[in-house]
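K.L.:
Please work out how this folds:
(chains A and B)
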Amino acid sequence: MKPRVRFAPSPTGYLHIGGARTALWNWLYARRLGGTFVLRIEDTDQKRSTPESVQAILDGLRWLGIDWDEGPGLPNNGGPFPPYFQMEKIKRYHEIAEQLISEGKAYRDYTTAEETAQMRKDFAASKGIPEERIREAGFKYTSPWRDKTEKLDKPYLVRFKLKATGAKIGFEDLVHGRLEKPDEDLDDFVLLRADGIPLYNFGCVVDDHDMQITHVGRGQEHINSTYSQVALYQALGWTQPVFAHFPLIMGQNGEKLSKRKHPEADVGVHRKNGILPHALLNFVVRLGWSHGNDEYFTREQMIEFFDLKDVGKTNGIWNPKKLTATNEHWIKTFPPAQIGAALLPYLAEIGVSDAKVDAKLETAVKAFAPRAKTLVEMAASIKPYYAKGVTVDAAAATKHLDDAGKKMLALAKTKLLALPEWTATAIDPIVDVIATETGAKKGMIAQPIRVAATGGTTSPGIGDTLAMLGKDETIRRFDAVLGG
RNA sequence: GGCCCCGUCGUCUAGUGGCCUAGGACGGUGCCCUCUCACGGCAUAAACCCGGGUUCGAAUCCCGGCGGGGUCACCA
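P.N.:
All right, here's what the predicted structure looks like:
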């Protein structure tokens, strides 16, 4: 059977890097096995969900090239199991909740949020312990409505009626193996809030079932809620999917990568910083998963090699240096035309709007690929080559454009003017030629040329540098230095 | 703190009882290449959390300790 997997983000902010990896791994799994990748928006947290966030997540996924087979923005209501936004199927959750209630597997709890909160507080106070430790002290919420069935005319929430027998409840996890705990450790978790909106554990189970999801791959932080969900599957008599709980991505301080404390948690930040989408994918796919000693994968190789069973168990730490190294690798590896196309928005961003993917840009990409860590850097490096004229750095001029330097420059100009064609391969040898003819060191020849052409002391090889500039602009800049 | 998960170089990892004097990658260090800056090449330092078992033999299996993380909501 072809797997049906899903990525079910909550639209409460930008696309999180951990979410992106979860999406990627699920997507890869589906693609390799010819399965289906579903995107579902879990927008039941009405306080925090926003349309902007939905957009940000969709944009982030698209930028990464992770496409979904079912979900938002697709024809025919998004696919065969709509809707793909939880808030659009509230009725369905109520239906299931009612069924559970009628079967005695759930109940209406008229206790208010304030009351339950107070109960916790009182218990903690009576034991003289902080609230998060009430569980160890034996606190377990027991609703006075647990065994009642009457329907009152006031707000209620629906709780799952967990039957604790002391038996183990658990599941087979693809990365962890058998995971279980005594069902007594679970409680009557809330299915429906007082306003009728489902909570995560409920909506998630109903949807995964309705959408016929076969494999649920998500972060390890969900392990504990999975036990509750398993109880629900059993109560409903539904077949549960195969679970796979992924290790977490931690910030460099060792804490879980959070939106507040770690700017790098935002996929959009990397886009802004000039990271290639594929580089981000490659970096993130290796964080917690490996294929022998392989480090770099094309998209096709990722699909070919990825398997949920090869996912590791240990949390990984975000390593910006390795991300950069991965980015450099792909900048150097992808065809110049492709990098050039990716570079256009970054050039436009800094005012170079006349650039297009042509011979000049490709030459520039080739020249700067080994020198740029990011597309932002590359764009900045290339920008001067699209300008008319250049301001020569004073210190550089003093050092390299003295009388001797200008003499070399003039000589170079003569040789350049005599060239049959203006290409890097044609230009490059002139430094050697002049060196041989005059006996001067190459540095004495190349540096004056470089300073005159770029205004500074560093640039790619003379051939590439002048080729990028073009004949006219090169000579113009030479003349500006030589005067008259 | 209860419960749950995890524990190989600084980091990501290979490793599934002998192939391990523990391999690769990023980062670090040194050297080489060189018209500048890079790229690249070569070399090098650096780890099996600790303690008990099991076994002829353990990074690999078991137990305990320690350490890290997650989770304990009418968030997801």
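K.L.:
Tell me where chain A has strands.
P.N.:
For chain A, the strands defined by DSSP state E cover A:4-7, A:36-39, A:106-109, A:157-160, A:168-173, A:177-182, A:190-192, A:215-219, A:242-246, A:249-250, A:316-317.
K.L.:
wait, which of the ones you listed is closest to A:Pro198?
P.N.:
Distance to A:Pro198, taken as Cβ to Cβ, is lowest for strand A:190-192 among the strands of chain A, at 5.6 Å. Bear in mind the C-beta positions are built from the backbone N, C-alpha and C, glycine included.
K.L.:
can you tell me if that closest one touches RNA strand B.
P.N.:
Yes - Strand A:190-192 is in contact with RNA strand B by Cβ under 7 Å from any atom of the strand, via A:Val190.
K.L.:
Now do stretch A:453-466: distance to the chain's middle.
P.N.:
36 Å (Cα atoms, centre = their mean, to the nearest Å).
K.L.:
If you could redo that for stretch A:94-101, that was the one I meant.
P.N.:
That offset, for stretch A:94-101, works out to 37 Å (Cα atoms, centre = their mean).
K.L.:
picking up where we left off before, with mean neighbour count and mean pLDDT added, can I get the strands of chain A in JSON lines?
P.N.:
Listed next are those as JSON lines, based on neighbours: other Cβ atoms under 10 Å; pLDDT from 0 to 100:
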{"stretch": "strand A:4-7", "mean neighbour count": "25", "mean pLDDT": "98"}
{"stretch": "strand A:36-39", "mean neighbour count": "24", "mean pLDDT": "98"}
{"stretch": "strand A:106-109", "mean neighbour count": "23", "mean pLDDT": "97"}
{"stretch": "strand A:157-160", "mean neighbour count": "24", "mean pLDDT": "96"}
{"stretch": "strand A:168-173", "mean neighbour count": "16", "mean pLDDT": "94"}
{"stretch": "strand A:177-182", "mean neighbour count": "13", "mean pLDDT": "93"}
{"stretch": "strand A:190-192", "mean neighbour count": "24", "mean pLDDT": "98"}
{"stretch": "strand A:215-219", "mean neighbour count": "22", "mean pLDDT": "98"}
{"stretch": "strand A:242-246", "mean neighbour count": "21", "mean pLDDT": "97"}
{"stretch": "strand A:249-250", "mean neighbour count": "21", "mean pLDDT": "96"}
{"stretch": "strand A:316-317", "mean neighbour count": "16", "mean pLDDT": "95"}
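K.L.:
Could I get those strands in JSON lines, plus columns for distance to A:Gly65?
P.N.:
Listed next are those as JSON lines, based on distance: least, Cβ to Cβ, whole Å:
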{"stretch": "strand A:4-7", "distance to A:Gly65": "14"}
{"stretch": "strand A:36-39", "distance to A:Gly65": "12"}
{"stretch": "strand A:106-109", "distance to A:Gly65": "42"}
{"stretch": "strand A:157-160", "distance to A:Gly65": "39"}
{"stretch": "strand A:168-173", "distance to A:Gly65": "29"}
{"stretch": "strand A:177-182", "distance to A:Gly65": "32"}
{"stretch": "strand A:190-192", "distance to A:Gly65": "37"}
{"stretch": "strand A:215-219", "distance to A:Gly65": "19"}
{"stretch": "strand A:242-246", "distance to A:Gly65": "20"}
{"stretch": "strand A:249-250", "distance to A:Gly65": "20"}
{"stretch": "strand A:316-317", "distance to A:Gly65": "22"}
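K.L.:
which residues touch the residue lying closest to A:Ser353 once chain neighbours are set aside?
P.N.:
Using Cβ to Cβ, 6 or more residues apart in numbering and skipping the chain neighbours, the partner closest in space to A:Ser353 is A:Leu347 (7.6 Å). Neighbouring residues of A:Leu347 by Cβ atoms under 8 Å, 6 or more residues apart in numbering: A:353, A:355, A:379, A:382-383, A:386.
K.L.:
Now list the buried members of the residues you listed.
P.N.:
Among the contacts of A:Leu347, those buried by neighbour count (16 or more other Cβ atoms under 10 Å) are A:355, A:379, A:382-383, A:386.
K.L.:
farthest-separated two in these?
P.N.:
A:Ala379 and A:Tyr386 (10.2 Å).
K.L.:
shared neighbours of those two, anything?
P.N.:
By Cβ under 8 Å, 6+ apart, A:Ala379 and A:Tyr386 have these common neighbours: A:347, A:352.
K.L.:
Surely A:Ala396 is in contact with A:Thr454?
P.N.:
No - no contact is recorded between A:Ala396 and A:Thr454 when judged using Cβ atoms under 8 Å, the distance being 9.1 Å.
K.L.:
Looking at those two, which is more packed in?
P.N.:
Taking other Cβ atoms under 10 Å, A:Ala396 and A:Thr454 do not tie; A:Thr454 has more neighbours (22 against 19).
K.L.:
and A:His270, what does it touch?
P.N.:
Counting by Cβ under 8 Å, 6+ apart, A:His270 touches A:264, A:280, A:323.
K.L.:
and it, how far is that from A:Thr363?
P.N.:
27 Å (Cβ to Cβ, to the nearest Å).
K.L.:
rewinding a little: of the contacts of A:Leu347, closest to RNA strand B?
P.N.:
Nearest to RNA strand B among the contacts of A:Leu347: A:Ile382, at 13.2 Å, using Cβ to the nearest atom of the strand.
K.L.:
Can you redo the buried ones among the contacts of A:Leu347 as TSV, where the extra columns are distance to RNA strand B?
P.N.:
As requested, the buried ones among the contacts of A:Leu347 are exported to TSV (distance: Cβ to the nearest atom of the strand, whole Å):
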residue	distance to RNA strand B
A:Ala355	21
A:Ala379	16
A:Ile382	13
A:Lys383	16
A:Tyr386	19
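K.L.:
Leaving out sequence neighbours, find the closest residue to A:Arg48.
P.N.:
Excluding its sequence neighbours, the residue lying closest to A:Arg48 (Cβ to Cβ, 6+ apart) is A:Thr12, at 4.0 Å.
K.L.:
Let me see the confidence value for the nearest residue to A:Lys322 once chain neighbours are set aside.
P.N.:
Leaving aside its sequence neighbours, A:Lys322 sits nearest to A:Phe283 (Cβ to Cβ, 6+ apart; 6.4 Å). With respect to pLDDT, A:Phe283 scores 98.
K.L.:
So A:Phe283 sits against A:Thr326, correct?
P.N.:
Yes - assessed by Cβ under 8 Å, A:Phe283 is found in contact with A:Thr326 at 4.5 Å.
K.L.:
Check which residues of the lengthiest helix in chain A are buried.
P.N.:
Taking DSSP state H as the criterion, chain A has its longest helix at helix A:17-33. Within helix A:17-33, the residues that count as buried by 16+ other Cβ under 10 Å are A:17-32.
K.L.:
All the helices of the stretch 201-350 of chain A, in order from the start?
P.N.:
Counting by DSSP state H, counting those that start in this stretch, one finds helices in the stretch 201-350 of chain A at the ranges A:223-236, A:267-272, A:277-285, A:299-305, A:320-333, A:336-349.
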